[in-house]
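J.: Got a predicted structure here, sequence first:
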Amino acid sequence: MRLTRIVRSLQIGWTAARVWGMYKIPYWLKKLRGRELSESELSAIHERAAQKTLDLALGLRGVMIKMCQAVATRADIFPPEIIDKLKQCHDAVPPKGFEIVREIVESELGKSMDAVFSSFEPEAMASASLAQVHRARLVDGREVAVKVQYPDIETIIRTDLANMRRVCRVYEFFDPRPLPLLPLLVELTRHLGMELDFVREADCADRVRELFVDDPQVKIPVIHREWSTRRVLTMELVGGIKITEKRKIEAVGLVPAEVLQNLMYIYVRMILAAGFFQADPHPGNLFVSPKGQIVVLDFGLSKELPEGFGLGLFELMFSLMTFNESAMVRAFEELGFRSKTGDTTTFVAIARRMVNRSDTGAFEGELTEDMTDELFEAIREDPVAEVPSDFVLVARVFSLLSGIAHSLGSRANILQAMSGGGPAPGPES
Amino acid sequence: MSDALVYTPEQLLSSEAAAEPLIANGVRCHGGFDVDGQYRSPRTLCRAPAIEAWQAQLSQDGHPLLEVPSRAMPPQYPNAAQAKLLLRHGVREPLVRSLTIISIVEGFGAMIRDVQVPDLGEVLVEPFAGTALAHLQSGLFEAHARDESGYRDEGGHKQMWEAARDAALENPHIPGDVLMRLMGRRGQGGRPAPLFPEIGQPLERMLGFMANVLVVEVFAEETFRWGMDILSDPDVSAAAEIAGGMVSHIQADEKPHVEYLRTALSEVSARTIKTVEGGTLPGKQVIDSLMHRILEQTTRARPADQRDDLRENLAESMRTATNPSALQDDFDALETHWAPPARTGFEAAEDAA
Ligand SMILES: Nc1ncnc2c1ncn2[C@@H]1O[C@H](COP(=O)(O)OP(=O)(O)OP(=O)(O)O)[C@@H](O)[C@H]1O
Ligand SMILES: [Fe+2]
Ligand SMILES: [Fe+2]
Ligand SMILES: [Mg+2]
């Protein structure tokens, strides 16, 4: 245990140093010769750096994959060379061999594979940070997707978290105005622990499905409980176009802006109205059916908000979209933000900054891509003592959604989503 | 200035200097009081005379001003007598829920600033300089949006309703299902089918939106009467004067909304619309059809749906009373029946089509 920990830390440190060197050394050399790096030189460096990072992530798995997923969603921040490489982490991590999968499935279900499945694809159809997914058919003929947890993932994740805790302390030591990362990490630890329990995941999927039971535009796969355990999840096989594939979406006659609006409505309804939501909207977890239905997968990271929190978030977003600074200040306080000075001047300043940013004239109630980034930047520069941890997870969701918006080349109208939807997607008539 | 027909956005957004600001339950709101203590709505310094001048011009040109029939106004549920009965029995939740929903719906009025206005010179045959229509995007929509949801450091109607609620009911707990009620049921049919595919859809969408808001604004009269009846009754309201007054200020602020919307829609009615294929269509036909559809929708299915939706919840809330079943009986006895009028008053266009 101790040894793996040291090995993993060293590997991360070594790769970080090399990636850093890749950017810095050519830069220094060029500087010596007195010219800037060219586009194509930079692009080649991006590509190599991304490859190194990806290799490391695929070797180490666990939290590193999660981080690469997050990077790969932010097409608005990172260059395309990096996005293209790292997006593999969303659903195409090299899977484990079939023999290992069979062993896990049989020991978890307590039956031989043939007793449960009439067929089981040996090749995984997708694989992500915690599990790989195989297409199979139950003996009664129903087509299913079987999500099988990687065997050693629990240990890996525990080690990663211990490592990150150390990195965090170092960061907080060196940065004169650090973001409060440690509570975030505690939160992340809690989440990963939950994500590893597929029974809990099944419960969360059921809960969200129930929420949208009347809504034909949302699809949540049905879970086959009798063939599911903590480490194996057997569910209805679903499919569609990956949500970021703009061309394919257009090719079936859907309008990307409407798909995005539909997605935004779904998240706003889960987060603000229901206070319970799937908190991991990265592109590997979201499909669009040819009829415009949004398929939501992977309820491993689902979150219940404390009572009243959804309304507080609603007020915060609403005040931002309607340029109301004083209402925004009240919302910050209601949500549990605390300033170091104990008064509201900090929030007045943040609210003014955010509203100035959104009230640019061209604004149409959309959550601009970097609005959440702007908020965190503002929080960082002004002395905010306490950011509620639930808020951090919500902000992450909106930042992932912004990334998807960017890929679709559209903007969602949040006010419209909050008022109950917006245009229903469907082929343009 | 009273006869002027052309204004800048800054003028339409400007307010009279107030002798005293409006502070509602600790929150600075828009508008204020003059030296005589009279409430003055915000952003009416030029907007009020402007609307009067546009209306005068319309009538001078021989065109009528569109009228939304107030008899089509669906009542609030629970009605004022029922709400008071509940309050007297300590059952606050239904009223808190209603008032909160009203405040949020007011706030959503700000969406009017997002409405896309097509190039009207391209779609109207007759000139329209010096009309309300010409000022929609240069001040009128923005003023309306600010009135509803506040702006910068001033609250608007959303915050004023919240203040009335919190003052009258002493900062009540807000039920957790409020947002679900608002967002829970999205239009299953999606975007309504165009009534006039032959005209540009941005134009139809804009007119449809404005007609819808106009109907909501007119029907809000009923909400104000209801709100004032309850909130200004010292028997059930902890701040009868403040809360009742707040609702009356909101009511006063709504007048310019109703007036500019009906003026602009009437101005379209008085003109000719170009179709995309180079033909024309009387504006009146388009406006009347849109009004007819909206009135039908808002007076037919919707009120009944909303009422059924609430009944279950009401029964649940009443369970906290000492004698729930007696309360339920008393409550039902206060029920007032309402049926939508047989006609919307805008059928002519339908029949002609
Ligand atoms: N029911 C299903 N039908 C079809 N494909 C599925 C289904 N469930 C999962 N998949 C595919 O398998 C991939 C991995 O599944 P899932 O996201 O649940 O795993 P994970 O390890 O929890 O992922 P993450 O890294 O996102 O946390 C998904 O991205 C998707 O492509
Ligand atoms: Fe209003
Ligand atoms: Fe209004
Ligand atoms: Mg996933």
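T.: That came through, no problem. Ligands and ions are numbered 1, 2, ... in the order given.
J.: quick one, strands of chain B?
T.: Secondary structure of chain B, counting by DSSP state E: strands at B:20-24, B:27-33, B:39-40, B:272-274, B:280-282.
J.: Turn the ones you listed into a markdown table, including mean neighbour count and distance to ligand 1.
T.: Every residue, glycine included, has its C-beta placed from N, CA and C. Putting the strands of chain B into a markdown table (neighbours: other C-beta atoms under 10 Å in any protein chain shown; distance: least, C-beta to the nearest ligand atom, whole Å) gives the following:
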| stretch | mean neighbour count | distance to ligand 1 |
| --- | --- | --- |
| strand B:20-24 | 16 | 47 |
| strand B:27-33 | 21 | 43 |
| strand B:39-40 | 18 | 56 |
| strand B:272-274 | 19 | 49 |
| strand B:280-282 | 15 | 50 |
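J.: Ligand 4: which of the ones you listed is closest?
T.: With C-beta to the ion, the closest approach to ligand 4 among the strands of chain B belongs to strand B:27-33: 43.6 Å.
J.: Could you check the angle that closest one makes with strand B:20-24?
T.: Using axes from the mean of the first three to the mean of the last three C-alpha atoms, to 10 degrees, one finds that strand B:27-33 and strand B:20-24 are set 140 degrees apart in direction.
J.: Tell me which other helices or strands strand B:27-33 touches.
T.: Other helices and strands packing on strand B:27-33, by 3 or more C-beta pairs under 8 Å, 6 or more residues apart in numbering or on different chains; DSSP states H and E, are helix A:325-335, strand B:20-24, strand B:39-40, helix B:157-168, helix B:240-269.
J.: So what are the sheet partners of the shortest one and their directions?
T.: Okay, so that is strand B:39-40. According to DSSP bridges, strand B:39-40 forms sheet pairs with strand B:27-33 (antiparallel).
J.: relative to helix B:240-269, how tilted is the strand it pairs with?
T.: With the same axes, to 10 degrees as the criterion, the two stretches strand B:27-33 and helix B:240-269 enclose an angle of 70 degrees.
J.: average pLDDT for strand B:27-33?
T.: Along strand B:27-33, the predicted confidence averages to a pLDDT of 94.
J.: what does it rub up against?
T.: Applying C-beta atoms under 8 Å, 6 or more residues apart in numbering or on different chains, the contact partners of strand B:27-33 are A:326, A:330, B:15, B:18-23, B:39-43, B:146-147, B:150-151, B:153-156, B:159-160, B:162-163, B:249, B:253.
J.: Derive a ChimeraX selection command for the buried subset of the residues you listed.
T.: To isolate the buried members of the contacts of strand B:27-33 in ChimeraX, using 16 or more other C-beta atoms under 10 Å in any protein chain shown:
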select /A:326,330 /B:15,18,22,39,40,41,42,43,146,147,150,151,154,155,156,159,160,162,163,249,253
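J.: Buried residues, stretch B:192-205. List them.
T.: Within stretch B:192-205, the residues that qualify as buried are B:195, B:196, B:198, B:199, B:200, B:203, B:204, B:205, counting by 16+ other C-beta under 10 Å.
J.: now do the same end-to-end measure for that stretch.
T.: 10 Å (C-alpha to C-alpha, to the nearest Å).
J.: so can I have CSV of the helices and strands packed on strand B:27-33 showing distance to ligand 2?
T.: Supplementary listing: the helices and strands packed on strand B:27-33 in CSV, determined by distance: least, C-beta to the ion, whole Å:
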stretch, distance to ligand 2
helix A:325-335, 15
strand B:20-24, 14
strand B:39-40, 15
helix B:157-168, 4
helix B:240-269, 5
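J.: Could you single out the most deeply buried of these?
T.: Each of those was scored by mean neighbour count; the highest is helix B:157-168, a mean of 26, by mean count of other C-beta atoms under 10 Å in any protein chain shown.
J.: hmm, back to that, save the helices and strands packed on strand B:27-33 as TSV, and put in distance to residue B:7 and mean pLDDT too.
T.: Formatted as TSV, the helices and strands packed on strand B:27-33 follow (distance: least, C-beta to C-beta, whole Å; pLDDT from 0 to 100):
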stretch	distance to residue B:7	mean pLDDT
helix A:325-335	27	91
strand B:20-24	25	93
strand B:39-40	19	96
helix B:157-168	23	97
helix B:240-269	12	97
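J.: Quick check: which of those is nearest to ligand 4?
T.: With distances scored as C-beta to the ion, the stretch of the helices and strands packed on strand B:27-33 nearest to ligand 4 is helix A:325-335 (28.1 Å).
J.: Mind checking what helix or strand follows the closest one in sequence?
T.: On the C-terminal side of helix A:325-335, the nearest following helix or strand under DSSP states H and E is strand A:338-339.
J.: Distance from the helix or strand following that next one to the middle of the chain?
T.: As assigned by DSSP H and E, the chain's next helix or strand after strand A:338-339 is helix A:345-358. Distance, stretch centre to chain centre, for helix A:345-358: 27 Å (C-alpha atoms, centre = their mean, to the nearest Å).
J.: swap in stretch B:210-229?
T.: On C-alpha atoms, centre = their mean, the centre of stretch B:210-229 falls 5 Å from the chain's centre.
J.: Please list the outside residues in contact with that stretch.
T.: For stretch B:210-229, the external contacting residues (C-beta under 8 Å, 6+ apart) are B:68, B:70, B:72-76, B:79-80, B:83, B:99, B:102, B:109, B:112, B:115, B:161, B:164, B:244, B:247-248, B:250-251, B:254, B:257-258, B:261-262, B:264-265, B:287, B:290-291, B:294-295, B:298.
J.: Span of stretch B:114-123 from start to end?
T.: Taking C-alpha to C-alpha as the criterion, the two ends of stretch B:114-123 lie 20 Å apart.
J.: Residues touching it, excluding its own?
T.: Contacts for stretch B:114-123 (C-beta under 8 Å, 6+ apart): A:364-365, A:413, A:415-416, B:128, B:133-134, B:136-137, B:141, B:199-200, B:202-203, B:205-206, B:209-210, B:273-274.
J.: if we go to 6 Å?
T.: Residues lying outside stretch B:114-123 but in contact with it, judged by C-beta atoms under 6 Å, 6 or more residues apart in numbering or on different chains, are A:364, A:365, B:136, B:137, B:200, B:202, B:203, B:206, B:209, B:274.
J.: closest to residue B:239 among those residues?
T.: Proximity of those to residue B:239 was ranked by C-beta to C-beta; the top entry is residue A:365 with 33.5 Å.
J.: could the buried residues of stretch B:192-205 be laid out in JSON lines, adding pLDDT?
T.: JSON lines is the format used below for the buried residues of stretch B:192-205 (pLDDT from 0 to 100):
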{"residue": "B:195", "pLDDT": "93"}
{"residue": "B:196", "pLDDT": "94"}
{"residue": "B:198", "pLDDT": "94"}
{"residue": "B:199", "pLDDT": "94"}
{"residue": "B:200", "pLDDT": "89"}
{"residue": "B:203", "pLDDT": "96"}
{"residue": "B:204", "pLDDT": "95"}
{"residue": "B:205", "pLDDT": "93"}
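J.: what two of the residues you listed have the greatest distance between them?
T.: Longest distance between any two of the buried residues of stretch B:192-205 is 14.5 Å, between B:198 and B:205; criterion C-beta to C-beta.
J.: OK, contacts around the closest residue to ligand 3 within the stretch 201-350 of chain A?
T.: Across the stretch 201-350 of chain A, the shortest distance to ligand 3 (C-beta to the ion) belongs to residue A:322, at 13.7 Å. Contacts for residue A:322 were tallied using C-beta under 6 Å, 6+ apart; they are B:110, B:149.
J.: show me what contacts residue A:283?
T.: Under the criterion of C-beta under 6 Å, 6+ apart, the neighbours of residue A:283 are A:90, A:242, A:243, A:244.
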